[in-house]
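Student: what shape does this take:
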Amino acid sequence: MQTGIIIAGPRGKMGSEAVRMVNNEETFKLIACIDRKNGGKTLNDIESLPNLDVPIFEDPEKCFQETEADVLIDLTVAEAGYEHTKLALLYSVRPVVGTSGFSRDQIAALEDLSETHGIGCIIAPNFAVGAVLMMQFAKTAAKYLPDVEIIEKHHDQKLDAPSGTAVKTANLMEETRQSKQQGHPDEEEKLEGARGAESDGIHIHSVRLPGLVAHQEVLFGGPGQTLTIKHDSYNRASFMEGVKLSVNKVMGLNKLIYGLENLLE
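Tutor: From the prediction side, this is the model:
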């Protein structure tokens, strides 16, 4: 039996990779796509996408009303992704969301909606399994080396900073790390922002350059030693195994799961 899937954002770099992944997976079936333009067309009308007779909807609610799907894969931007996820839950379609930039309040609201309707939902700041392992290793290390900074590097078209992965990494480390302010107590920024953003004393630095995809280093320091935990995604295919895993796992859930690490055994 195939899992029927809607993809939001099929023209994006992540979305187009997801279209190809779903099309190549025997147990998945692409039912429709949600796109902010090209409504009324099909994927085979879009030159850069696979030659598939799959309808495109500009109105997400109309898409959910007129199709029968099991899962929504959303790889858009935070504002659109939040609305798509809410609608999917209301129409009993299970969201798998790789959109970055949701606030804690938005995630809490989606958790309530998911639990109220008993519909599974997965939100993952990063679908690369290696990135998830990097975050888990950082969480463990932070218990023993509480002086830590994060450097995250992404392509120059990314809209949110810091990345969802960096925020999630900091949140995980805060669970094990003794809270402290780092650096000299009289430290002064000669240029505003030189020390980056801060979460519970952890400094987070964002780099945006063409040629990058998704990269993060977590740097720990202690007396006479440093530890660096690093992950690099060189292309967007690196995220697809995590998306595939999430589609399969969400079918058995009745609540929201935040973070791919919660799906790994």
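Student: which parts of stretch 78-85 are buried?
Tutor: Buried positions in stretch 78-85, judged by neighbour count with 16 or more other CB atoms under 10 Å: 78, 80, 81, 82, 84, 85. The C-beta positions use only the backbone N, C-alpha and C, and glycine is treated the same way.
Student: quick one: which of those residues is nearest to residue 163?
Tutor: The closest of those to residue 163 turns out to be residue 78 (CB to CB; 11.8 Å).
Student: pLDDT at the residue lying closest to that closest one once chain neighbours are set aside, what is it?
Tutor: Once flanking residues are discounted, residue 78 sits nearest to residue 101: 3.4 Å by CB to CB, 6 or more residues apart in numbering. pLDDT for residue 101: 79.
Student: and the buried residues of stretch 78-85 as TSV, adding secondary structure and distance to residue 114?
Tutor: Conversion of the buried residues of stretch 78-85 to TSV gives the following (DSSP: H, G, I helix; E, B strand; the rest coil; distance: CB to CB, whole Å):
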residue	secondary structure	distance to residue 114
78	helix	18
80	helix	19
81	helix	15
82	helix	13
84	helix	14
85	helix	9
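Student: I'd like these as TSV, with pLDDT appended.
Tutor: Compiled in TSV, the buried residues of stretch 78-85 are given as follows (pLDDT from 0 to 100):
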residue	pLDDT
78	87
80	94
81	95
82	96
84	97
85	97
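Student: okay but the residue nearest to residue 78 is in contact with residue 161, surely?
Tutor: No: in this structure, residue 101 sits apart from residue 161 without contact. The criterion is CB atoms under 8 Å, and the distance is 9.2 Å.
Student: ok, residue 68 - contacts?
Tutor: 4, 31 (CB atoms under 8 Å, 6 or more residues apart in numbering).
Student: show me where this structure has its strands.
Tutor: In the chain, the strands defined using DSSP state E lie at 3-8, 28-34, 56-57, 71-74, 94-97, 121-123, 147-154, 197-199, 202-208, 214-222, 225-233, 256-258.
Student: and the second one, which strands flank it?
Tutor: Read that as strand 28-34. Here strand 28-34 has these sheet partners by DSSP bridges: strand 3-8 (parallel), strand 56-57 (parallel).
Student: please list the residues outside that strand that contact it.
Tutor: Taking contacts as CB under 8 Å, 6+ apart, the residues outside strand 28-34 that touch it are 2-10, 19, 21-23, 43, 52, 54-58, 60, 63, 67-69, 84, 247.
Student: avg pLDDT for it?
Tutor: For strand 28-34, the mean confidence score works out to 98.
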